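Peer 1: have a look at this prediction, sequence included:
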Amino acid sequence: MGKTNRFSNEDVAWYLTERLRREKKTQQRIKRVRPKEQLAHSGSVASGKPKRLNHLEIEQGVDRLIQATLEKEDLLKQIISDQAVASGQKTSITQEEILDALEGVDVMDDLDLRALTHSIGSTQGLEGSMVRARRRLAEVESGIADLISRKNIAKAYEDHITRKVSVIRSARNVKSLQTLIEKCELAHMELLARRNNENVTLTKADNEIEKKYALIRQKALGRIDDLMGHDEIYYEAKRRRLLEYRRQLLNSGFVETPSIREEVMKIVSHSQLGIPVLLRGHLGTGKTEIALHVARKYFGYEPEFISGSEEATKYDIYGRTQIGVRPEKDRIREFEHHMREYIKWNPDAPKGELKEVEKQYYQAIVVKGLTTSFFHYGPLVRAMREGKPVIIDEMDGIPHSIIMRLNHVLTRRAGDTVRVQENGGDDIIVKKGFTVLATGNIKSARYKREELDAAFLSRWWSSDINYPPRQETYEILVASLLDKRGNLQIKNSDDLDDLKRLTEAAAEIQRIFAGEQVDYFGEGADAAREIPASLKKSVLSLRHLWNIVRPWKARNFDKPLENYVLNEFIKPSVIEDQIYLVQLFCRFRFFKTWKVQEFGIPGLTETKVLAFQGKQSGPTAQ
Ligand SMILES: Nc1ncnc2c1ncn2[C@@H]1O[C@H](COP(=O)(O)OP(=O)(O)OP(=O)(O)O)[C@@H](O)[C@H]1O
Ligand SMILES: [Mg+2]
């Protein structure tokens with residue numbers, strides 16, 4: 001058997017620096033003489049022996065080397081991707097050519113500028129940018145080569161990489177330990193579910209296994225604490241977590257934060273016991289997404305989906321008989337088949353008889369057999385037959401009479417039979433894997449919903465889904481602004497502060513909307529009569545936060561976040577809520593220098609704006 005080569009961190013670091021050094025040598029062989037300005041750029045001396053570097057210079061050299069290596073990677077990627085786009089767009093002309101053309105024409109002339117307008121494609125300027133990128137790449141590469149040729153810098157860089165590799169490895173270990181804990185929790189729940197389904201109590205051996213799971217969990221948590229005690233590992237683990245959120249957002253648009261994971265674990269443990277789960281909560285807390293996530297990640301299925309918000313009839317849930325039209329060629333094929341069969345069984349039939357049979361078959365099969373009926377199973381029955389989860393979304397939007405029929409189905413286990421009246425009383429055998437997850441709003445005057453009766457509800461395990469904690473919302477939003485290396489793509493540090501205050505404002509608005517917080521000083525409140533300010537229909541949930549942050553990012557943070565808050569959230573809200581929303585955002589230091597006309601909100605006066613901004617004392621402005 002061949003020997004396996006193992007590389008230590010030091011080997012990896014050596015390899016990385018050595019390879020750069022070698023790159024430098026080959027480059028020097030190709031280009032004997034390099035322009036002076038490039039030497040100046042890399043901070044080297046143009047001729048003679050390199051001077052001794054002091055500590056600070058070495059540190060700066062390593063920094064530049066790290067930056068240059070990253071820039072090189074980016075440039076290469078940019079060139080490759082631009083190349084790919086540009087190769088399909090040979091006809092586009094450069095920006096310079098357009099500028100020249102505009103300089104050259106006199107618009108008063110009887111000229112047709114359409115040709116010029118047509119040639120401006122979205123890939124305009126790519127060629128120019130590729131040329132610039134290549135030029136910059138050459139500079140960066142020679143800068144790298146130059147830095148790495150300095151022994152002190154190369155050695156310090158090597159040390160830096162070694163340290164980094166070890167921090168990364170430790171941070172990865174944190175993640176592995178967390179996954180280990182997660183697996184133990186799932187295994188523990190599965191064991192309980194299995195014994196429950198078998199209707200037996202835990203055996204002695206089971207108890208031993210349980211004890212070990214608890215011990216592993218405890219030990220793993222201890223190790224995580226040890227590792228996270230080191231600053232560098234802590235930050236790297238955090239960075240990796242945000243990158244993991246970013247990956248989840250790109251893959252599924254859904255992030256499993258710690259609080260969501262905790263909720264998910266509870267849901268899975270009940271579902272595994274065959275108990276239907278109802279997720280209740282206010283607008284946009286994430287109920288539907290959590291149900292979908294549980295079905296996909298923990299049960300491994302794209303679930304069947306019943307939407308209660310649309311007109312749901314029992315046929316939409318159980319199924320319906322459908323009339324189908326059969327194509328003519330199918331009907332003729334069937335007719336010919338029947339004729340052949342007839343001749344086969346009646347070989348001596350006289351011609352006249354055959355003519356008569358042919359006429360009858362033709363009439364029955366080809367002419368009248370145009371339509372056919374078959375039973376099309378609805379999502380609930382499909383889920384039972386195929387052993388899948390079914391999500392009944394916004395269950396309280398489904399008429400009461402239909403919902404009550406679900407009673408019969410809810411607690412069916414694998415192997416049970418269910419009769420479907422819609423299909424002439426057919427028996428369906430429930431397959432393993434069938435689970436019911438439902439969502440609904442919190443009972444309140446705000447949601448005009450069917451009231452689910454107590455007997456029906458008692459069959460469910462219900463859980464109230466709250467808006468994610470502020471810190472988690474913040475992390476999800478930050479993750480959406482990271483590039484693949486974990487660097488934040490914002491214009492300046494104020495933007496990050498704005499984002500933080502946006503999540504604070506969101507948390508406040510959510511508390512007011514949910515009635516968890518009373519505000520006697522808000523717009524529309526009447527403290528004397530103990531009437532607090534209220535939001536009729538508007539809540540700043542993650543759904544709305546995405547509506548604000550995504551366009552902000554898409555337009556490259558061109559304007560401060562508050563512009564997007566106004567245009568993507570406050571203005572699309574119902575009129576009754578708009579002024580109070582402006583006031584709430586002002587409390588979180590948004591719109592600090594805005595003038596009343598910039599808002600364009602009916603009923604919002606200058607006095608109010610000044611009062612909201614704290615520039616005018618006195619009672620809430622009138
Ligand atoms: N964990 C998450 N990660 C990323 N985005 C999320 C997450 N949870 C919710 N969202 C976003 O918030 C939006 C609202 O979530 P969802 O539709 O599940 O809420 P809901 O409680 O079902 O709302 P409603 O009461 O209106 O039905 C989603 O469209 C999604 O974009
Ligand atoms: Mg929903």
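Peer 2: Perfect, I can see it now. Keep in mind that this is a model prediction, so the values were computed, not measured. Ligands and ions are numbered 1, 2, ... in the order given.
Peer 1: Three-state assignment for the residue in the stretch 101-250 of the chain positioned nearest to ligand 1, please.
Peer 2: Residue nearest to ligand 1 within the stretch 101-250 of the chain: residue 249 (6.4 Å; CB to the nearest ligand atom). Glycine gets a C-beta too; all of them are placed from N, C-alpha and C. With DSSP: H, G, I helix; E, B strand; the rest coil as the basis, residue 249 sits in helix.
Peer 1: what does stretch 63-75 contact?
Peer 2: Identification of contacts with stretch 63-75 by CB atoms under 8 Å, 6 or more residues apart in numbering yields 20, 42-43, 133, 136-137, 140-141, 143-144, 147-148, 153, 157, 160, 485.
Peer 1: before we move on, which element is the nearest residue to residue 213 once chain neighbours are set aside in?
Peer 2: Distances taken as CB to CB, 6 or more residues apart in numbering place residue 184 nearest to residue 213, at 4.6 Å, with adjacent residues excluded. Applying DSSP states H and E as the criterion places residue 184 in helix 151-198.
Peer 1: who are the packing partners of that helix?
Peer 2: In terms of contacts (3 or more CB pairs under 8 Å, 6 or more residues apart in numbering; DSSP states H and E), helix 151-198 is packed against helix 9-30, helix 55-87, helix 126-148, helix 204-228, helix 231-252, helix 258-272.
Peer 1: rebuild those as CSV, extending it with mean neighbour count, mean pLDDT and distance to residue 171.
Peer 2: Listed next are the helices and strands packed on helix 151-198 as CSV, based on neighbours: other CB atoms under 10 Å; pLDDT from 0 to 100; distance: least, CB to CB, whole Å:
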stretch, mean neighbour count, mean pLDDT, distance to residue 171
helix 9-30, 14, 50, 14
helix 55-87, 15, 82, 18
helix 126-148, 18, 87, 26
helix 204-228, 13, 89, 8
helix 231-252, 16, 90, 4
helix 258-272, 18, 91, 17
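Peer 1: nearest to residue 537, out of these?
Peer 2: Closest approach to residue 537 among the helices and strands packed on helix 151-198 is made by helix 258-272 (25.4 Å; CB to CB).
Peer 1: partners of the helix or strand that that closest one is followed by, with directions?
Peer 2: As assigned by DSSP H and E, the chain's next helix or strand after helix 258-272 is strand 277-281. Applying DSSP bridges to the sheet, strand 277-281 is found paired with strand 435-441 (parallel), strand 461-464 (parallel).
Peer 1: I'd like the distance from strand 277-281 to the chain centre, please.
Peer 2: Distance of strand 277-281 from the chain centroid (CA atoms, centre = their mean, to the nearest Å) equals 21 Å.
Peer 1: tell me which strands and helices the next helix-or-strand element following it is in contact with?
Peer 2: Heading C-terminal from strand 277-281, the first helix or strand you meet, by DSSP H and E, is helix 287-293. If contacts are counted by 3+ CB pairs under 8 Å, 6+ apart, helix 287-293 sits against helix 258-272, strand 277-281, strand 389-393, strand 435-441.
Peer 1: now with 10 Å, please.
Peer 2: Applying 3 or more CB pairs under 10 Å, 6 or more residues apart in numbering; DSSP states H and E, we find helix 287-293 packed against helix 231-252, helix 258-272, strand 277-281, strand 304-307, strand 389-393, strand 435-441, strand 461-464.
Peer 1: is any residue of that helix near ligand 1?
Peer 2: Yes. Contact between helix 287-293 and ligand 1 is present through 287-289 (criterion: CB under 6 Å from any ligand atom).
Peer 1: what's the most buried one of the strands paired with strand 277-281?
Peer 2: Among the strands paired with strand 277-281, the stretch with the highest mean neighbour count (mean count of other CB atoms under 10 Å) is strand 435-441, at a mean of 25.
Peer 1: that strand to strand 389-393, inter-axis angle?
Peer 2: If you take axes from the mean of the first three to the mean of the last three CA atoms, to 10 degrees, strand 435-441 sits at 10 degrees to strand 389-393.
Peer 1: where does pLDDT dip in the stretch 501-622 of the chain?
Peer 2: Low-confidence segments of the stretch 501-622 of the chain, defined by pLDDT under 70: 617-622.
Peer 1: how about the residues of it near ligand 1?
Peer 2: Contacts of the stretch 501-622 of the chain with ligand 1, taken as CB under 6 Å from any ligand atom, map to 541-543, 546.
Peer 1: in TSV, list the residues of helix 287-293 next to ligand 1 along with pLDDT and neighbour count.
Peer 2: Output for the residues of helix 287-293 next to ligand 1, formatted as TSV (pLDDT from 0 to 100; neighbours: other CB atoms under 10 Å):
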residue	pLDDT	neighbour count
287	96	25
288	96	18
289	97	19
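Peer 1: what residues does the protein put near ligand 1?
Peer 2: Residues of the chain found near ligand 1 (CB under 6 Å from any ligand atom) are 253-255, 260, 281, 283-289, 439, 441, 476, 541-543, 546.
Peer 1: and with 8 Å instead?
Peer 2: With CB under 8 Å from any ligand atom as the criterion, the chain meets ligand 1 at residues 248-249, 253-257, 260, 279, 281-293, 309, 393-394, 439, 441, 465, 468, 476, 541-543, 545-546.
Peer 1: buried residues in stretch 344-360?
Peer 2: Buried residues in stretch 344-360, counting neighbours by 16 or more other CB atoms under 10 Å, are found at residue 357.
Peer 1: I would like the residues contacting it, please.
Peer 2: For stretch 344-360, contacts defined as CB atoms under 10 Å, 6 or more residues apart in numbering pick out 335, 338-339, 342-343.
Peer 1: again, only this time at 8 Å
Peer 2: Stretch 344-360 has contacts (CB under 8 Å, 6+ apart) with 339, 342-343.
Peer 1: ok so, going back, out of the residues of the stretch 501-622 of the chain next to ligand 1, name the ones that lie in helices.
Peer 2: Applying DSSP state H to these, the entries found in helices are 542-543, 546.
Peer 1: which stretches of the stretch 251-400 of the chain aren't confidently modelled?
Peer 2: Looking at the stretch 251-400 of the chain by pLDDT under 70, you get 310-311.
Peer 1: for residue 409, give me the pLDDT.
Peer 2: The score at residue 409 is 81. That number is its pLDDT.
Peer 1: was I right to think it contacts residue 380?
Peer 2: Yes. Assessed by CB atoms under 8 Å, residue 409 is found in contact with residue 380 at 6.7 Å.
Peer 1: before we move on, back to that, avg pLDDT for the helix holding residue 184?
Peer 2: For helix 151-198, the mean per-residue pLDDT is 86.
Peer 1: let me know the angle separating that helix from helix 126-148.
Peer 2: Counting by the same axes, to 10 degrees, helix 151-198 lies at 110 degrees to helix 126-148.
Peer 1: closest to residue 165 out of the helices and strands packed on helix 151-198?
Peer 2: Among these, helix 9-30 comes nearest to residue 165, with 4.4 Å by CB to CB.
Peer 1: burial measure for residue 589, as a count.
Peer 2: Neighbour count for residue 589, taken as other CB atoms under 10 Å: 15.
Peer 1: list the contacts for it?
Peer 2: Going by CB under 8 Å, 6+ apart, residue 589 touches residue 501.
Peer 1: tell me the confidence at residue 119?
Peer 2: pLDDT for residue 119: 54.
Peer 1: same check on the one 3 residues further on?
Peer 2: At residue 122, the predicted lDDT confidence score is 51.
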